[in-house]
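Novice: I need the structure of the sequence given here:
(chains A, B, C and D)
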Number of protein chains: 4
Amino acid sequence: MNAEKGRIKTAIVGASGYSGQNLLRLLLTHPRVDLVCATSRAEEGKALDTVFPRFRGAEKLAGLAFSAPDIDAIAATGASCAFLALPHGVAREFAGPLLERGLRVIDLSADFRLRDAAVYADFYGGEHPTPELLAEAVYGLPELRAEEIRGARLVASPGCYPTSILLPLIPLLREKRIDPASICVASGSGVSGAGKKAEAAYLFAEVNESVRAYGAPKHRHLSEIEQELSLAAGGPVRVSFVPHLLPVTAGIATTIFCEPAAGSDPGDPGGVYEAAYGAAPFVRVLGEGRFPDTKHVTGTNFIDIGWVRDARTGRLILFSAEDNLGKGASSQAVQSFNLMHGLPETEGLMIF
Amino acid sequence: MNAEKGRIKTAIVGASGYSGQNLLRLLLTHPRVDLVCATSRAEEGKALDTVFPRFRGAEKLAGLAFSAPDIDAIAATGASCAFLALPHGVAREFAGPLLERGLRVIDLSADFRLRDAAVYADFYGGEHPTPELLAEAVYGLPELRAEEIRGARLVASPGCYPTSILLPLIPLLREKRIDPASICVASGSGVSGAGKKAEAAYLFAEVNESVRAYGAPKHRHLSEIEQELSLAAGGPVRVSFVPHLLPVTAGIATTIFCEPAAGSDPGDPGGVYEAAYGAAPFVRVLGEGRFPDTKHVTGTNFIDIGWVRDARTGRLILFSAEDNLGKGASSQAVQSFNLMHGLPETEGLMIF
Amino acid sequence: MNAEKGRIKTAIVGASGYSGQNLLRLLLTHPRVDLVCATSRAEEGKALDTVFPRFRGAEKLAGLAFSAPDIDAIAATGASCAFLALPHGVAREFAGPLLERGLRVIDLSADFRLRDAAVYADFYGGEHPTPELLAEAVYGLPELRAEEIRGARLVASPGCYPTSILLPLIPLLREKRIDPASICVASGSGVSGAGKKAEAAYLFAEVNESVRAYGAPKHRHLSEIEQELSLAAGGPVRVSFVPHLLPVTAGIATTIFCEPAAGSDPGDPGGVYEAAYGAAPFVRVLGEGRFPDTKHVTGTNFIDIGWVRDARTGRLILFSAEDNLGKGASSQAVQSFNLMHGLPETEGLMIF
Amino acid sequence: MNAEKGRIKTAIVGASGYSGQNLLRLLLTHPRVDLVCATSRAEEGKALDTVFPRFRGAEKLAGLAFSAPDIDAIAATGASCAFLALPHGVAREFAGPLLERGLRVIDLSADFRLRDAAVYADFYGGEHPTPELLAEAVYGLPELRAEEIRGARLVASPGCYPTSILLPLIPLLREKRIDPASICVASGSGVSGAGKKAEAAYLFAEVNESVRAYGAPKHRHLSEIEQELSLAAGGPVRVSFVPHLLPVTAGIATTIFCEPAAGSDPGDPGGVYEAAYGAAPFVRVLGEGRFPDTKHVTGTNFIDIGWVRDARTGRLILFSAEDNLGKGASSQAVQSFNLMHGLPETEGLMIF
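Specialist: The predicted structure follows:
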């Protein structure tokens, strides 16, 4: 654990799950991060490289052990920024107190992604304990809100499915190129998306050689998907969304069916994407007739986007691929971290 | 190779690919089949259980070797029925001559699935050599055309994706419960669907940990899908269809988005399915909110169907799962074989 | 649930794990089995085809629900034979009472595999409650003890690793062809071998793209391996055994290094195997230079055996492949069932 | 393509296979490498990020296209160092001419790994065209020959299986702790080890759910394994070696059985390993009873080593895990590159 000058003292709260582990992996090689604290209730007291043998030999981990998730103890490490990689419903207990103690917070859970406490209650159940923070939190899609993220105290980093759906759709909705009522989304996700919980449904022998839809028609991620699509469209948007569990460890592939806005021809969306993402280092616009493949993005912060125009039905079909633990979670959170600290957006993230 | 009384002398033409192999597997234990001939240009002269070590020890294979795909030689075996498990464009060279020699033919390729030679030319290229057989061939979905199959000389067994799409949709279209213009389909298939060709794209190291769409917007299977949906709807139907390549050996999971017919509420499709499939031994209607899983159908002739009603958007979302090599190919062909020979539809197919 | 004449009323005690599920699968299509009882503490009261959607549509399951594992209730079903697919340490509570009630018992656990209660205590811990049954139980390798199995009241069906190791080695040890002190075994097993317990170590995201040894140097299965090898060799045998966890659902591949017996040349073991297994329907002796592949045996009761002679070191290297849930568990138990009931050894097991 | 001061102009000859691709991946983020040339006969003229969509967005690839593998053209790029990621038998045509033109060469093929041309002919067939280079080439195991590598013109980077076997064994042989005649090795490798050739045997549908030994008893890698073990033991060593093909993309797990040197007790090898590898950044000695797992090393340059002492048989059993494309190929070659250029051994390789 070395504290060099010019490095940002950083904590990971809840570092023993898959998002936390991936965050750790990224911070190990991030040149500007000084990792001062990693908490885990389950692994408290154990050296990080005992729990994660993959990280053995990483200089930054030397001597670092998991601590209990105690708010004052976290603050006492001198961390100026904390990532929360906690379950939904738990993160909300940490964000406020850490902000009060002067830390900036990047939350990977769903707890601060929704602006409307009623929608939160509808999708996640229970009243939100700090609705005022819902108003303050910035929904952390760097491609859309870089400025707000730069100045944010609290970033709500987007969910995995939402990222894969919002980035292809938002530019087209903003430009009124597609009919907001026509959107149907089928996504397939790797099993790490279910977390590291020991449930029989996610055993290898259950998931291997298995493909199945689940969670339709009202998956929790719909709430943030529709919130952001509605903002982009300038009016309420409802979409149909079906996630599928696939036998891969990581990766989300999303396929979106939509129709041109009434009375318009969507034409080639390439121009719209070029305008929206030409300068975005992590959005790779593959072009028409090109199909993103999760294997080209796993382990990275990239999202790949392609599309076809279905002349026979008039529909536009969009495709995206990302790593559910990367652009869909941890590396996107680091991208926000970079913006928040005035670093190049790509710092520590140009990994292939 | 035993020729018992009451057994049907049967040939498999093109038995060395994945469909042929699965057909072999089924016929090995089919109590009424006397396997008299298996052809393979590539494996000519080799014992079947040398090429397929899995089948070593099967009594029916004892002494049987692959022969060349010679039409007169096939007829000379005394076979009264031939399965064609040949590539598209090749099967059409065999069907006519075998019919002329008095055999009944069950073709697993696409060569006789389309009634309209112009559609055939549009999707498969080139003129069809025997358009009169297109008119005669029965599209072999046993759940829909049992009577025609019983009397058929030539059965065109449906494609894998089409089976998974047609069985959930046809009853609803017939009953005018859904809007034929609203259908969007996302399917995911196991890699065996690409056949046993040695192409780098299908190497383990390319497909493993990979998920990707392909073949949109005009996959060849669309031709038969739309032909049959149009027949069911009583008018032309066009659908959007996106297949995906998934890292499983076998299985297809299909997700279908659709809207109620104009001015109607689709209501619970359970009744429609019960009416259509209540007596169909291989269609398992799981019910609302139940998601089919490919792992429950691989190796079998079952197709599982479930659905959800998406109250937020008004859409109906249908799900199916089948084995692309089973109900999507070989076991469905055996189901037709049973009907053609007056056997119980389930003969040799009640495998779990 | 149909009770036909000439059928054997059969119970499965502990039917909700992987061995139990595979046993169910086999009994569903076994022509002489009348399945009258399936117990599961966890799934009590649920229909079998609700718990196992794969089996939906199986005539034999109609109306059958999981019952509690109550000994009197099991006996009251009229079952004359019970398979125990229970965890080690639990099966031993059921075997004696069921025998007392007149049932014959085939136990798939390790509880009755060892003749020596001291070895049992050494490897499994605790005193054996019914050591007299250890003496009575027949270690159920049908290829070696068909006669004893035919007359047995209690069969202890062998473990998965042991089966894959014993069948290649025993004929060579009996014939004094190899040095008993030279045996080193590396086996790789599919994840289903770990059972259906929800442990994080067996999650898909942990096992996928992972290969690792475990359990060395004193895996519990060593006890039965060495017991049977010692019997074959006519003196104590100790072997080194390393199991590996592999990312497949099912299958065990075993590689055995050994040296010729002192002063002898092992020569080609083909003749020894032919003598031992020429009439054994489920042992497929592939020959020298042929490598068994688990994919050719999964789902079946076959074990494939091959070997090479390593001229450079003088060693003989043996290979076997089986399904850990098949010949390594459930189908081998059914093979014993067939022998116990005077049926053809292959009844219901010639599946490919 | 940027040529910064202080960077080493580097070429990859044969960059379209799996080793070449992984080399590319590493050089993309290596701070001291200026990639000036990547050749591929098959992909000549295509942009690198078209062939490898994963690398799209990498600054170093901008504008770089595959060139033909022409020796003068390679030299004309100004490269001072070339990696050869060519098939065996092809690399030997490039090494000499490139050396003559003043480049230093790191060969990932087997062409220069053997000191004895007769052994080369025995294992690889045909006479070696430049036997004098066999004498000059340094077998590039950085943990054993750092000094020689530093000064080498031609490094023969070790094979994947050999690396996983040599690193655990050499320290014990040097210290006479084990009997060189007792060594039996079982290794399992990911499918990428077979290369990117389109062969049916390596299709996903063939490899998935399959485990099998192959290549025994005389795999080509034995030649270099025994060469290096003999050097360490100070006398000829012959080992038994069985590779297995496993359904993972990358990774090798090796299990080694051996016996203590005559009249000695091997004791705990921990001290030997500590002495040998305490300062080696990429050898992680896990300790007794710890089992390396390929998932902790894939994508990295680490090799993990563990062991158990089998008190019951007196054997010592060693375990290692590495990435066959990493420490077993490309990253190990970069490790040599670092040494050859006076860079920190870990430069560009501390990836997790």
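Novice: strands of chain A, start to end?
Specialist: For chain A, the strands defined by DSSP state E cover A:8-13, A:33-39, A:81-84, A:104-107, A:138-139, A:154-156, A:184-189, A:212-213, A:240-245, A:252-258, A:283-288, A:303-310, A:315-322.
Novice: wait, which of those is closest to chain D?
Specialist: Chain D lies closest to strand A:283-288 among the strands of chain A, at 5.2 Å (C-beta to the nearest C-beta). Every C-beta, even on glycine, is put in place using the N, C-alpha and C of the backbone.
Novice: other residues contacting that closest one?
Specialist: A:143, A:167, A:268, A:270, A:273-274, A:276-277, A:292, A:302-309, D:53, D:56-57 (C-beta atoms under 8 Å, 6 or more residues apart in numbering or on different chains).
Novice: check those one by one and keep those near chain C.
Specialist: When contact is defined as C-beta under 8 Å from any C-beta of the partner chain, those do not meet chain C at all.
Novice: could you flag which of the residues you listed are buried?
Specialist: Using 16 or more other C-beta atoms under 10 Å in any protein chain shown as the burial test, the contacts of strand A:283-288 include A:143, A:167, A:273, A:276-277, A:292, A:302-309, D:53, D:56-57 as buried.
Novice: from those, which are also near chain B?
Specialist: By C-beta under 8 Å from any C-beta, the members of those lying near chain B are A:292, A:308-309.
Novice: tabulate those (CSV), appending pLDDT and distance to chain D.
Specialist: Formatted as CSV, those follow (pLDDT from 0 to 100; distance: C-beta to the nearest C-beta, whole Å):
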residue, pLDDT, distance to chain D
A:292, 98, 8
A:308, 98, 17
A:309, 97, 21
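Novice: and which of these is nearest to chain B?
Specialist: residue A:308 (4.8 Å).
Novice: would you confirm that that closest one contacts residue A:292?
Specialist: No - here residue A:308 does not reach residue A:292: they are 12.0 Å apart, not a contact under C-beta atoms under 8 Å.
Novice: and chain A, which residues reach chain D?
Specialist: A:25, A:28-29, A:53-59, A:208-209, A:281-282, A:284, A:286, A:293, A:295-297, A:299-300, A:302, A:304, A:350-352.
Novice: select only the buried ones of the residues you listed in PyMOL?
Specialist: Typed into PyMOL, the line below selects the buried ones among the residues of chain A next to chain D, using 16+ other C-beta under 10 Å:
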select buried, chain A and resi 25+28+29+53+54+55+56+57+58+208+209+281+282+284+286+293+295+296+297+299+300+302+304+350+351+352
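Novice: how far away is the nearest residue to residue A:274 once chain neighbours are set aside from residue D:54?
Specialist: Using C-beta to C-beta, 6 or more residues apart in numbering or on different chains and skipping the chain neighbours, the partner closest in space to residue A:274 is residue A:285 (6.7 Å). According to C-beta to C-beta, to the nearest Å, residue A:285 and residue D:54 sit 16 Å apart.
Novice: so the longest helix along chain A versus strand A:252-258, what angle?
Specialist: Ranked by number of residues, the top helix in chain A under DSSP state H is helix A:160-174. If you take axes from the mean of the first three to the mean of the last three C-alpha atoms, to 10 degrees, helix A:160-174 sits at 30 degrees to strand A:252-258.
Novice: what angle separates helix A:160-174 from strand A:303-310?
Specialist: Per the same axes, to 10 degrees, the angle that helix A:160-174 makes with strand A:303-310 is 50 degrees.
Novice: what pairs with the closest residue to residue A:57 other than its chain neighbours across the strands?
Specialist: Leaving aside its sequence neighbours, residue A:57 sits nearest to residue D:284 (C-beta to C-beta, 6+ apart; 5.8 Å). In this entry, residue D:284 is beta-bridged to residue D:304, by DSSP bridges.
Novice: would you map the helices across the stretch 101-250 of chain A?
Specialist: Along the stretch 101-250 of chain A, the stretches classed as helices by DSSP state H, counting those that start in this stretch are A:117-124, A:131-136, A:142-151, A:160-174, A:204-207, A:221-233.
Novice: what's the residue nearest to residue A:200 when sequence neighbours are not counted in contact with, if anything?
Specialist: Nearest non-adjacent residue to residue A:200, counting by C-beta to C-beta, 6+ apart: residue C:198, 4.5 Å away. Residues in contact with residue C:198 (C-beta under 8 Å, 6+ apart) are A:198-200, A:203.
Novice: ok so, going back, looking at the residues of chain A next to chain D, which are in helices?
Specialist: The members of those that map onto helices under DSSP H are A:25, A:28.
Novice: so residue A:307 touches residue A:292, yeah?
Specialist: No - contact criterion C-beta under 8 Å: residue A:307 and residue A:292 do not qualify, at 9.9 Å.
Novice: can I get the helices of the stretch 101-250 of chain A in JSON lines with mean pLDDT?
Specialist: Formatted as JSON lines, the helices of the stretch 101-250 of chain A follow (pLDDT from 0 to 100):
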{"stretch": "helix A:117-124", "mean pLDDT": "95"}
{"stretch": "helix A:131-136", "mean pLDDT": "95"}
{"stretch": "helix A:142-151", "mean pLDDT": "98"}
{"stretch": "helix A:160-174", "mean pLDDT": "98"}
{"stretch": "helix A:204-207", "mean pLDDT": "98"}
{"stretch": "helix A:221-233", "mean pLDDT": "98"}
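Novice: what sits in contact with each of residue A:308 and residue A:292?
Specialist: Contacts common to residue A:308 and residue A:292, judged by C-beta under 8 Å, 6+ apart, are residue A:319.
Novice: OK, contacts around residue A:211?
Specialist: Applying C-beta under 8 Å, 6+ apart, one finds that residue A:211 lies in contact with A:188, A:244-247, B:188, B:246, B:248, B:251, B:253, B:293-295, B:321.
Novice: run a quick neighbour tally on the closest residue to residue A:303 other than its chain neighbours.
Specialist: Nearest non-adjacent residue to residue A:303, counting by C-beta to C-beta, 6+ apart: residue A:322, 4.2 Å away. Using other C-beta atoms under 10 Å in any protein chain shown, residue A:322 has 33 neighbouring residues.
Novice: now do residue A:322 against chain B, distance only.
Specialist: 11 Å (C-beta to the nearest C-beta, to the nearest Å).
Novice: tell me which residues form a beta bridge with that residue?
Specialist: Going by DSSP bridges, residue A:322 forms beta bridges with residue A:252, residue A:303.
Novice: so who does it touch?
Specialist: A:160, A:163-164, A:251-252, A:294, A:297, A:302-304, A:328.
Novice: with residue A:20 instead?
Specialist: Residue A:20 neighbours (C-beta under 8 Å, 6+ apart): A:12, A:14, A:38, A:40, A:85, A:330.
Novice: separation between residue A:206 and residue A:17?
Specialist: Distance from residue A:206 to residue A:17, by C-beta to C-beta: 20 Å.
Novice: show me which of the two is the more surrounded one.
Specialist: Between residue A:206 and residue A:17, residue A:206 has the larger neighbour count (other C-beta under 10 Å), namely 24 against 20.
Novice: quick one, what contacts that one?
Specialist: A:200, B:295, C:204.
Novice: now the residue in the stretch 101-250 of chain A positioned nearest to chain D, nearest residue through space, not along the chain?
Specialist: Closest residue of the stretch 101-250 of chain A to chain D, C-beta to the nearest C-beta: residue A:209 (7.0 Å). If the residues on either side of it in the chain are set aside, residue A:209 comes closest to residue B:248, at 5.1 Å by C-beta to C-beta, 6+ apart.
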